[in-house]
Structures are given as structure tokens and as C-alpha cells.
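Visitor: turn this into a structure:
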Amino acid sequence: MTVLLALGIKHSIKEDSFNFNSLVPGVFGNQQQQHLGMIKAMLTTSLADSSNPPVQALAVKATAAFILLHDNEPNIQKNFADLLPQFLQIIANSIQVGEDDALLKCLVDLAESCPKFLRPQVETILQLAIKALPDPNVGDSWKHLLLETIVTLAETAPAMVRKAGAKYMNTLIPQMLNMMTDLEDEEEWSVSDEQAEEDNDSNSVVAESSLDRLACGLGGKTVLPHINATLSQMLQSDSWKCRHAALMAISAVGEGCHKQMEGMLPQIMDAVIRFLHDPHPRVRYAACNAIGQMATDFAPIFQKKFHEIVVPGLLHVMDDGVNPRVQAHAGAALVNFSEVCPKNILTTYLPTIIAKLEGILAAKFKELMECGTKLVLEQVVTTVASVADTAEEKFVEYYDRFIPCLMYIIENANSTDLRLLRGKTIECVSLIGLAVGADKFLTDAGKMMDLLLKAQTNQEEMADDDPQVALLDNEDMNAVDGDDDWQFVSIGEQQNFGIRTAGLEEKATACQMLVVKLMVPMLKFYFHDGVRTAAAESLPFLLECAKIKGPQYLAEMWQYMCPELLKAIETEPESEVLSEHMYAMAKCIEVLGMGCLTNDQINELIRIIDKSLKEHFERAVKRQEQRKDEDYDEVVEEQLLDEDDEDVYVLSKVADITHALFAAYGQHFFPFFDALLPHFVKLLGDDRPWPDHQWGLCIFDDVIEYGGPACDKYTDHFLQALLKFVTDKQGEVRQAAAYGCGVLGQFAGPAFAPVCAQAIPLLVQVIQSPDARNEVNLNPTENAIAAVTKVLKYNPSAINIDEVIPVWMSWLPVWEDTDEAPHVYGYLCDLIDGNHPLVLGPNNANLPRLMAIFSEAFKREAVEKEAEVTKRMLNIVRQLQANPDMFQACINQLTQEQQVALHQYLTT
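Guide: Predicted coordinates for the structure are as follows:
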């Protein structure tokens, strides 16, 4: 076939051959390497055959298919890179002809999968786009594909585009902003009673989406200066389309330009806020959109800085009853503002907001009854829900002003066209109920149960997208126990508020606000990260609640949960959600304890962890390779650091799971742990970054703590690293190592006494460092003090206690680490109760000092008031009170704050 092409046989044969090669680019199989020269020659000749455009077009497709087949082979891509100039020229010609966009789609595919192949011609591609975008003779779909090529490259190879294409941004970005002005004059747009549906194929929507993606890909440093240079002029334009486009651009780039825009928010808001009063309704709509988006992107700073202008501004637009789409969008922006607004800020506006919402609710309810319009009513119900959710108990006084109308809607909005309104109202009532609390909400609980059960009884078939809600007693709840769509919250001993709600955000909100009964299916709800996260978070709490029903019920619930949670961890594509799934598994194991997993389930979990750790190391290597890339820059480094943080967070959840397994199974987990041992040893290697050292140590700390003396089998793997890292320069590593020394003393047994003695000088070095009590070092220092304490108490046979105790006393008090403080104060109480002379001093001379240590601990709440160690400390103080003169002498040496704290602990 290739020989025929090389000899220039008939065009039809060439076309057939290229069609075949483009469809089956790997036709040469394992003999391909020896034919690379021939393949390249064939493609070169055919790409250059300007007399035969069909053959050229097929050669472009065949070239793209061949490169895509070798997307992970940079050497082949580099070898074929000199085909690119002619390849792109043919695509440029196809744009001018405008008949078949398949060649341009090939370029998009290459930008997505093989961006580095295009590197030598990035400037050519940008020039191609810049030439075509303003050309009225180029069709919109072609312009869209060119933009798709550029933004895809910005996403897949941002550093390459920044380096090679930065000088073109001052032309490209204004062209994109100009495309956003391509809007139709629709007189009825603002008065429509339907949600505005975007035309995803329109120039304005494509350009706005492209600008958003370009900003996220290239970053604010590259994109924002060119946006700012154009926006000022657009905002001052007499054309409403320019003003609209400028405001929508501000909405679009907030995520990608977050760091740069954050410092400019005052200037941005000065420019945006006045457009809430613009004469054109679509500009007011765009202003609401910009404010709502910034309220989300820059929360809570945005709310704190601009509440004084935003709340009155949005409430003003909500009076625009003539333009329901604008009025509704102002309500939506108020939702964005209020759902993440600090409660103390929102409550200052609560009377004004409530009065506005109440008035609009009444007016729009009347309109619904008289005219059937519902758009603003649907939005206002959602806004009421959001305000109530943030205001919480502050909403109680307004409860009776909304519930009657809302319940009437739930009762009567039964037609198909009112399902969305009914669903939003159901959600609103549930949020209000949770906000005001059971005491207030239960007044209407009986009415709600009768009303909603009646609606279900009368409805023969419920559509999949029809939200339903019911207040059910426990018997009723059991009747729908197998329905995966129901979620419940208990509002009394025998009553449960249940919700069935459809839609992405509705599901996410329901997950977050309700203690649910049936969340497991939502672990697979891949359309919304928040749903899967909330579902995972709920599982350990559900198990905790299920304990009251006995072990059999608990086991059945876990048997249903566990396989699905394991599958979710295995298949979860987002690292942030994966972390929550892993943490949920760890907490579930902690709740259930030993025996909760079968051997097969443990092995499955080990396999998943093994895969996660392999990927952890592989991604670290990949990041190091990216730092060597020719296009590496500071923005790439920022992204790599973010990726590294994500990886470390996942690693911390791996440590949570192993911790839970050790806590549940102790040394019985060792046979399974051995399969992961090489990974954990690797984490401690000298070539690993400090977070790997930290979490590797934490895992071996658990080996010691829960394995006890049996941890001896692993000493060759961790012991030297543990001692070495006690004095590490990174505080988190020192803390993990110090904790390990402490549990070594507490749990490892007498055989480790010499090692404990070896650790003491290292721990002392940490504690007595000049900056040991700096804020950043306080936790590691107190862990080191606690470690010395544990060695002194549990494993002191290889040290001279009397030499250490006076120095140890000089380190007290401790207060920062409330988990370790009880060990320190418990040992101090032991020494005092034992009348240790070095602690009490000659003639009890140290009693004032001891009283000051206790009082400072109380002042800083280092120990909980109900803790056993606190009772021991107070008992010692009360014994001292039996000698009034001595007690008063001790009190006189305390600060006023210490005296107050001591009094509070003694009297509560």
C-alpha cells in the first residue's frame, strides 16, 4: 500500500489508502519501526501535493491519526514535527474554503492529546486564530474550533502557550471579548417567565466559556492585564452589548485570575456596582451575575468587604417586577452572597432582607394565582431557604411569616408545570426547619405529615425528576427503607423528616443538611463532587447512630455500605473526593472495631492502598520531570505545588486508614501490613520530601503503639529513621518522630529501654532549642516533652530518672497539644502523690511553682474539666487548701488570670 503511494499511483488509490491509514493508523503493527522513514516520506509527499486537495486533506487526517497513536512517544513526535508547517497550511486553506471542518477537528484532537507535538508551530496556530476570528467570511463554527484549539492547548500545555504565545494575548483576548458582544436584541428577553437558556453554539457563550478556560489554563498573570486593558473601554461604551460582555467577562475569569483579582476587588466593585442601575435590563442582569459569581469565588472576603453596597444593591434590583428575569437573577445573586456570608454580617440585614422577600413572595404568589407566572417565585423560595440556612436560630422570629404560604404551595402546586416550584418549596421548608430547630418546627410537623402523605397517596406515579418530601414516623420510614432516593433527618424520638429531591445542587444541599438514611448510592453520583463527598462524610455518623439498634442491625448496615465504599475508593476520579472517601472508611473502621472487615475486604483495601501509594510515587517523579521541561516557569511551579499538596492530603488519608486498622486489629494486622511495607519504608528515604517522612513516621508510630513489643520485627525498617528525624528541620517531621519515641517508651516494652535512653538527648536538644517555644515549633516541642515523660514513666530502666526530672520540671507547663498534655500532668501528679523530693523541693519549697504550673494549664485549657487527670490535679490543690497559709502564699504568686482560672476549675 505504502509503495503504491510513494510511486504516485492513482489519486483514488491514494485516497483509499489514506482513508484506511487514518482509520487504522497502527496497520503496520510491530513492523512499524522499520517503516517509519517510509511512512514519513509518504505523508510528506502527500501533504505537499497541492494539486490534489482531497489527498492533502486525507494526509492531514492520516498524520493526526498516526501522531495520536503515538501520543506517549515523544521521539516519534519529534521526528515528524517537520510535517507541521504544511499540515497547518492545509488546515488554513480549509478554513478559507469553509466546506469541511474535519481537518480543524484533527488539530483540536492533537491539542488535547499531543500538545508538545504542536510546540514548534504554536505561534502559527495563534496567528491562524487571530486572523480568522475577526474575519466575517469565516463561519462561526470554524471560529469556535479555533478557539477550542487555543484553550485546549492552554489547558494541556499552559507553560508552552505562555512562553510561545504570550505576545499574542493582547490581540486574542480583545477578539474574544468582542465575540462576547455578539448578542441578539430580544425585546421579550427580560420579561420572559422561563429561565434563560444559553445557546451553547452562540459566539457570546463560546467566547465566554473560552475566556474562562483560558484564564484557568494560563493564569491571571498572563490573562488579566489584557482583560483589564479592554474592559474599561467596554464598560464605558454606549452599546449595552459591550457593557454586558464586560460584566460577563468579570464573572468568567474570577476562578482563573483569583490571586490577581483578589487585591483589585475594591476597584472592580467600584466599576461593577453602578451597573445594577444600568438602563438596560440585560446589563443589570450581567451585573447581578458578576456580583453573584464574585461572592462565590472570593468568599468570605467579598462578603466582609462589600456587604454595605451589595445587599442594598441586590435588594434594589429585586424590586424590578417589570423584568422578571432580572429580578430573579438578583435573588440568585443574593443566594450566592448569603450562603457563604458570615452569620454576624447577614443578621444585621435580616429585617430588611426578610421584609423584601416577604413582599416579593406575596406579590409573586398572587401573580401565580392570577397569571400563572412562576420564575421569580421559584427563585425567591430558594433565596428564603439560603437566608434561613445562614441565619439559623435568628430566623425563628420570621418563621410564621413564611411557613403558611410555603405549605400552601406544597399542598396545591401539584401540576406538572409546577413541580420545580414545589420541589424548591419542599427544600426551603426543610432548611427552615433545620434552621429554627425542632421545638419551633414540630408545631407544624403533624400538618406536614398529613399534607405530604396525602399527596403521595393521591399520586399514582411519581416522575424521576419530581421532588417529594414527607414527615414520617419510624414505622412509615421502614416502609420506604429500600428506596435509594430517600434521605432522613430525625426531629424527634418517633419522627423523621424525609426528602426525595432531584437535581445536582438539590442533592448536594440535601446531603449536607440532612442526617441521611440512604446515602450509599450517592457515592457513585459522578455528576457532582459535593454529593459524593457529603455521602461519604455521612457514613460513619450513620453507623454511630445505628449502634442503638444493636449489633445485628449495625452489621447489616455495614455489609451494605462496605462493598460500595470500597468500590467508590477504587474508582473515584477526583483526588479531593477520594480523600474524603478514604477518611470515611477510616472513621467507619474506628466506629466498628475489630472484625468489621473480612480477610477478603482487608485484602481489597490493601490492594487499593497499594495502588494509591504507587501512584503517589509515580506522580512525584512526573512532577520532577515537569520541572525539567523547557517551558517550566513559576506558574507551573505553583500548579505543581498545588498537585503536591493534593497528593500529600491523599497520603494523610492512607495513614488514617492504616491507623484505624491498627487501632482495630493491633498486631493481627501485621500480615496484611507486610504487603505495604516496602512503600512505607520508601516514604522514609533520604530522597523523599518532608511530607513523606512525616506520614511514613506516623504509620510506623502506629506500628509501635498498637503492635507493642511485637513491633520488634520492623525495627530494621524504622528505628534509625525515627531517631534521625527527631532533630529534623521540619517541625511536622520532628513532631511525628517525637511522638514515635514516646509510644516506643510507653508500649514497646523493656527490650527497647536502651533505645529510649538513646532518644532522650535528641529530645532534649529539640526542647532546649532557642526557638523551641515559637508558635511554629510549639507542637513538636510539646510532643518531645511528652515523649520524655512517657519514657520516664513507662520505660526508665536505662536512664537516671533523678538526673532528668529537674530538667523536665523546667519545661513545664505545656498547653498546646491537648492530646499529650494529660500524659505530662498525669506523670506530674504521680510524682507529687509519691512525694518525690526533687519535685516537691526542700520543705515543699516548690509548691508555689507547682501551683503556678497547674493554674497556667487551667488558664490555657490544656486539660478538659471533666478529665481524670484534671480531677487529680484539683485534688492536689484541695489538699493544699487544707493549709490556708501555704495555700494563700501560693495564690499570691499567681497572676490575676491564673487565679481566675484556678477558681473556675475548683468551683465547676
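
Visitor: now D238. Its backbone dihedrals?
Guide: phi -80, psi -20 (degrees, to the nearest 10).

Visitor: look up how far I268 lies from it.
Guide: Separation of D238 from I268 (CB to CB, to the nearest Å) stands at 22 Å. For the C-beta atoms, the positions are set from N, CA and C on the backbone; glycine is no exception.

Visitor: those two - which one has more neighbours?
Guide: I268 (19 against 6; other CB atoms under 10 Å).

Visitor: which stretches of the stretch 351-500 of the chain form helices?
Guide: Secondary structure of the stretch 351-500 of the chain (DSSP state H, counting those that start in this stretch): helices at 375-391, 399-412, 419-436, 438-441, 445-458, 474-479.

Visitor: so for the second one, what's the average pLDDT?
Guide: Which is helix 399-412. The predicted model assigns helix 399-412 a mean pLDDT of 89.

Visitor: so where's this protein uncertain?
Guide: For the chain, applying pLDDT under 70 flags the ranges 1-33, 196-199, 445-446, 448-518.

Visitor: which residue is nearest the middle of it?
Guide: With distances taken as CA atoms, centre = their mean, E576 lies nearest the centre of the chain, 5.0 Å away.

Visitor: ok, that one touching E646?
Guide: Yes: using CB atoms under 8 Å, E576 makes contact with E646 at a distance of 7.0 Å.

Visitor: buried stuff in the helix or strand containing the residue nearest to the centre of the chain?
Guide: In the assignment (DSSP states H and E), E576 maps to helix 575-592. Residues of helix 575-592 classed as buried: 575, 577-592 (neighbour count, 16 or more other CB atoms under 10 Å).

Visitor: sorry, back to before: hey, which of the helices of the stretch 351-500 of the chain is tucked in deepest?
Guide: Among the helices of the stretch 351-500 of the chain, helix 375-391 has the highest mean neighbour count (mean count of other CB atoms under 10 Å), at a mean of 25.

Visitor: now that one, how far from the centre of its chain.
Guide: 25 Å (CA atoms, centre = their mean, to the nearest Å).

Visitor: and that helix with helix 399-412, angle?
Guide: 130 degrees (axes from the mean of the first three to the mean of the last three CA atoms, to 10 degrees).

Visitor: which neighbouring elements make contact with helix 375-391?
Guide: Helix 375-391 sits against helix 324-339, helix 343-346, helix 350-371, helix 399-412, helix 419-436, with contacts defined as 3 or more CB pairs under 8 Å, 6 or more residues apart in numbering; DSSP states H and E.

Visitor: buried sites along the strand or helix carrying K653?
Guide: Per DSSP H and E: K653 is located in helix 634-665. By 16+ other CB under 10 Å, the buried positions in helix 634-665 come out as 635-636, 640, 643, 646-665.

Visitor: cool, and stretch 557-568?
Guide: Neighbour-count burial for stretch 557-568 [16+ other CB under 10 Å]: 557-558, 561-562, 564-566, 568.

Visitor: would you format the residues you listed as a markdown table with distance to F752 included?
Guide: Below are those laid out as a markdown table (distance: CB to CB, whole Å):
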| residue | distance to F752 |
| --- | --- |
| M557 | 41 |
| W558 | 37 |
| M561 | 39 |
| C562 | 36 |
| E564 | 42 |
| L565 | 37 |
| L566 | 36 |
| A568 | 40 |
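
Visitor: ok, these vs Q77, which is closest?
Guide: A568 (36.8 Å; CB to CB).

Visitor: and that closest one, what does it touch?
Guide: 523-524, 532, 536, 581 (CB atoms under 8 Å, 6 or more residues apart in numbering).

Visitor: run the last query once more with 7 Å
Guide: Contacts for A568 (CB atoms under 7 Å, 6 or more residues apart in numbering) come out as 523-524, 581.
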